[in-house]
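> coordinates for the following, if possible.
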Amino acid sequence: MTVKLFSPYSIKGVTLKNRIVMSPMCMYSSHNEDGRVENWHRAHYTSRAVGQVGLIIVEATAVTPQGRISPQDLGIWSDAHVEGFHELVGLVKEHGAKIGIQLAHAGRKAVLEGEIIAPSAIAFNEKSKTPKEMTKAEIEETVEAFKKGAERAKKAGFDVIELHGAHGYLLNEFLSPLSNKRTDEYGGTAENRYRILREVINAIKMVWEGPLFVRVSANDYHEDGLTPEDYITFAKWMKEQGVDLIDVSSGAVVPAHINVYPGYQVSYSETIKHEAGIDTGAVGLITSPIQAEEILQNDRADLIFLARELLRDPYWPRTAAKELGVEIEAPKQYERGWL
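Residues are numbered from 1 along each chain as shown. Here you go, the predicted model:
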């Protein structure tokens with residue numbers, strides 16, 4: 001039986017050498033609050049490329065200063081950011097990995113000085129700042145900011161763009177009826193709540209021809225919130241627009257108790273993959289190589305997104321190869337200690 005975890009995955013002319021993806025994880029390490037790449041990012045991402053991860057996705061990167069989760073977030077709202085990302089892309093590709101970037105806007109979950117914006121003027125919780133309800137002009141400006149972010153990502157040489165439509169950030173806030181109480185064309189029906197994401201995807205497709213992923217929160221964990229079945233519809237619309245893969249996470253649009261256990265989100269990936277007919281990535285407490293292989297062998301996802309496990313072990317692909325009985329090529333400099 002072929003080990004799928006180490007089989008290549010090709011999409012729009014980009015081929016990943018294996019199915020292992022480094023999930024975007026905020027590092028909060030742009031210490032001058034200017035959104036620029038720092039030495040930490042160079043070391044952090046490149047080490048996972050040396051460790052033989054197939055695709056590395058850079059953390060949530062803000063398309064506007066107001067869209068940062070924190071003042072230490074990476075940004076791509078200025079042409080001044082391109083040079084640092086271009087260097088980072090080169091470092092990662094030098095070691096045989098492909099690299100993507102997650103374009104993001106924090107919406108009401110931004111923890112910043114000054115005004116923050118969201119679909120509706122509803123705070124995330126009692127400790128959070130109340131956002132300003134976005135005007136239509138601000139929505140248009142935000143769509144344009146995502147487009148400009150994609151243009152800069154292309155200039156920097158990224159292989160993949162992922163849109164952050166999950167975890168209670170701006171695009172997710174528009175999708176969920178729990179955070180979107182608008183009465184105009186951006187609120188109410190599912191079609192209206194999807195409208196800004198549709199506009200962002202269309203805008204990005206004008207300047208980006210490469211693979212496009214969207215991360216979603218497929219369950220709001222609230223009786224009045226969205227479920228995986230709602231995301232089947234959204235995923236079908238995304239597929240029609242040319243999105244290539246749905247990165248399936250869950251939660252965080254509202255405070256909720258989530259019963260977490262190994263692979264607790266995989267069933268959402270499986271549902272969306274088969275019901276919407278689109279490739280998916282599975283993420284969430286996937287730690288074991290056998291667990292990852294089971295997901296792929298049973299066609300529950302097409303890619304395995306690892307987060308905390310890759311923080312613990314930058315060479316997890318080597319660990320997985322040994323456990324699954326697969327030989328993978330070592331970095332030349334490490335050959336004498338790889339086996």
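> so Y315 sits against A49, correct?
No. Look at Y315 against A49 with Cβ atoms under 8 Å: they stay out of range, at 11.0 Å. (Glycine included, C-beta is placed from N, CA and C.)
> more neighbours, the two?
A49 (23 against 19; other Cβ atoms under 10 Å).
> in this structure the more buried one contacts G90, no?
No. In this structure, A49 is not within contact of G90 by Cβ under 8 Å, at 10.8 Å.
> tally of neighbours for the closest residue to A321 other than its chain neighbours?
If the residues on either side of it in the chain are set aside, A321 comes closest to I328, at 4.5 Å by Cβ to Cβ, 6 or more residues apart in numbering. By other Cβ under 10 Å, 15 other residues sit near I328.
> also the one 4 residues further on?
Here the number of neighbours of K332 (other Cβ under 10 Å) works out to 8.
> please tell me how far it sits from L324.
23 Å (Cβ to Cβ, to the nearest Å).
> is it fair to say the residue nearest to A321 lies in a helix?
No. Counting by DSSP: H, G, I helix; E, B strand; the rest coil, I328 is not part of a helix but coil.
> any weak-confidence spans in the stretch 101-250 of the chain?
Regions of the stretch 101-250 of the chain meeting the criterion pLDDT under 70 are absent.
> what ranges does it have for its helices?
Applying DSSP state H, counting those that start in this stretch to the stretch 101-250 of the chain gives helices spanning 136-156, 170-175, 190-205, 228-241.
> looking at those, which one is packed in the most?
Highest mean neighbour count among these (mean count of other Cβ atoms under 10 Å): helix 170-175, with a mean of 28.
> just the CA atoms of it, as CSV, please.
Extracted in CSV, the C-alpha atoms of helix 170-175 (Å, rounded to 0.1, in the frame of the first residue of the first chain):
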residue,chain,number,x,y,z
LEU,A,170,-13.5,39.6,9.7
LEU,A,171,-14.5,37.3,6.8
ASN,A,172,-15.8,34.8,9.3
GLU,A,173,-17.7,37.5,11.2
PHE,A,174,-19.6,38.3,8.0
LEU,A,175,-20.4,34.7,7.3
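> which other residues reach that helix?
67, 104-108, 117-120, 142, 163-166, 179-180, 186, 193-197, 200, 216-217, 226, 234, 252-253 (Cβ atoms under 8 Å, 6 or more residues apart in numbering).
> with stretch 233-240 instead?
So stretch 233-240 is contacted by 175, 190, 194, 197-198, 201, 214, 216, 246, 272, 275-278 (Cβ under 8 Å, 6+ apart).
> what is the nearest of these to L306?
Nearest to L306 out of those is I246 (Cβ to Cβ; 17.2 Å).
> tell me, how many residues neighbour that closest one?
Neighbours of I246 (other Cβ under 10 Å): 28.
> tell me who's in contact with it.
213-216, 231, 235, 238, 269, 272-273, 276, 278-281.
> of those residues, closest to P8?
For the contacts of I246, the nearest to P8 is D279 (13.9 Å; Cβ to Cβ).
> pretty sure the closest one contacts D302?
Yes. Using Cβ under 8 Å, D279 makes contact with D302 at a distance of 4.3 Å.
> quickly list what's touching both of those two.
245, 273.
> pull up the distance across stretch 24-32, start to finish.
Length of stretch 24-32, first residue to last, Cα to Cα, to the nearest Å: 21 Å.
> same check on stretch 257-272?
Across stretch 257-272, the terminal residues are separated by 23 Å (Cα to Cα).
> give me the contacts around that stretch.
Contacts for stretch 257-272 (Cβ under 8 Å, 6+ apart): 218-219, 221, 228-229, 231-232, 235, 246, 248-251, 278, 280-288, 291, 295, 299-301.
> show the average pLDDT along that stretch.
For stretch 257-272, the mean per-residue pLDDT is 96.
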